[in-house]
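Participant: Sequence first, predicted model second:
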Amino acid sequence: MDLYTGDINQLITELGALPGIGSKTAERMAFHIINLPHDRVKRLSDIIIRAKENVKYCKECCTLTDQELCPVCANQKRDHHMIMVVENTRDLAAYEKTGKYEGVYHVLHGAISPMNGIGPADIKLKELIARLEGDVNEVIIATNSSLEGETTAMYISKLIKPAGIKVTRIASGVPVGGDLENIDEVTLLRAFEGRIEL
Ligand code: ZN
């Protein structure tokens with residue numbers, strides 16, 4: 001039996017379908033939203049729709065942005081010959097927060113996972129390959145240390161090494177199975193500085 005009726009139920013269901021939101025939290029959020037002033041709720045729903053409509057892939061690195069080029073790619077002071085490959089925009093943000101990385105990124109939006117039916121064509125790999133036609137000195141593979149992340153790292157390395165481009169992998173220190181975004185800056189920097197050539 002449903003405890004709540006129609007719209008409340010639906011709101012709880014939708015919120016509960018978001019990542020990291022359990023049913024208790026979804027309930028709390030739903031009632032919080034219902035109790036907010038009308039203009040606050042409108043602002044929230046407007047910004048969700050606007051973000052969805054305006055955010056697209058950076059035409060260089062494929063990160064999510066509402067500009068043609070994301071701020072990193074648009075910055076001429078960055079080293080555009082060094083590309084760090086990450087799984088998603090949150091991982092990029094994690095490295096950006098360290099403030100120590102001077103190169104640019106490439107965001108794959110996923111990782112190869114044969115078990116989940118995600119192959120090389122399902123992530124932004126051909127976009128990466130296209131970038132390598134340019135002048136690239138080093139590709140740093142910073143995918144997660146999960147099975148999928150390692151599979152992806154191996155795949156990329158095999159793919160681009162024949163082109164004679166230096167390929168490195170961030171060092172362990174990033175715990176196995178750990179998502180980059182949850183790791184502190186010191187560990188991230190150590191992993192970056194200790195990267196090894198593949
Ligand atoms: Zn970009």
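Facilitator: Thanks, I have it. Numbers count the residues shown, from 1 in each chain.
Participant: quick check: domain ranges of this structure?
Facilitator: 1-38, 76-169 (automatic domain parsing).
Participant: Looking at the ones you listed, which one is packed in the most?
Facilitator: domain 76-169 (a mean of 17; mean count of other Cβ atoms under 10 Å). (Glycine included, C-beta is placed from N, CA and C.)
Participant: Quick one: closest of the domains of the chain to residue 65.
Facilitator: The closest of the domains of the chain to residue 65 is domain 76-169. By Cβ to Cβ, the value is 8.6 Å.
Participant: Kindly check the end-to-end length of that closest one for me.
Facilitator: Using Cα to Cα, to the nearest Å, the end-to-end distance of domain 76-169 comes to 25 Å.
Participant: Then stretch 64-77?
Facilitator: Rule used - Cα to Cα; the end-to-end distance of stretch 64-77 is 21 Å.
Participant: sec struct for residue 18, please.
Facilitator: coil (DSSP: H, G, I helix; E, B strand; the rest coil).
Participant: Quick check: it vs residue 6, distance?
Facilitator: Applying Cβ to Cβ, to the nearest Å, the value for residue 18 to residue 6 is 20 Å.
Participant: same thing with residue 157?
Facilitator: As judged by Cβ to Cβ, residue 157 and residue 6 stand 53 Å apart.
Participant: who does the biggest strand by length in the chain pair up with?
Facilitator: Assignment by DSSP state E gives strand 79-86 as the longest strand of the chain. Applying DSSP bridges, strand 79-86 is found paired with strand 103-107 (parallel), strand 138-141 (parallel).
Participant: contacting residues around the longest one?
Facilitator: Counting by Cβ atoms under 8 Å, 6 or more residues apart in numbering, the neighbours of strand 103-107 from elsewhere in the structure are 58, 60-64, 72-73, 78-89, 91-92, 95, 124, 127-128, 131, 138, 140.
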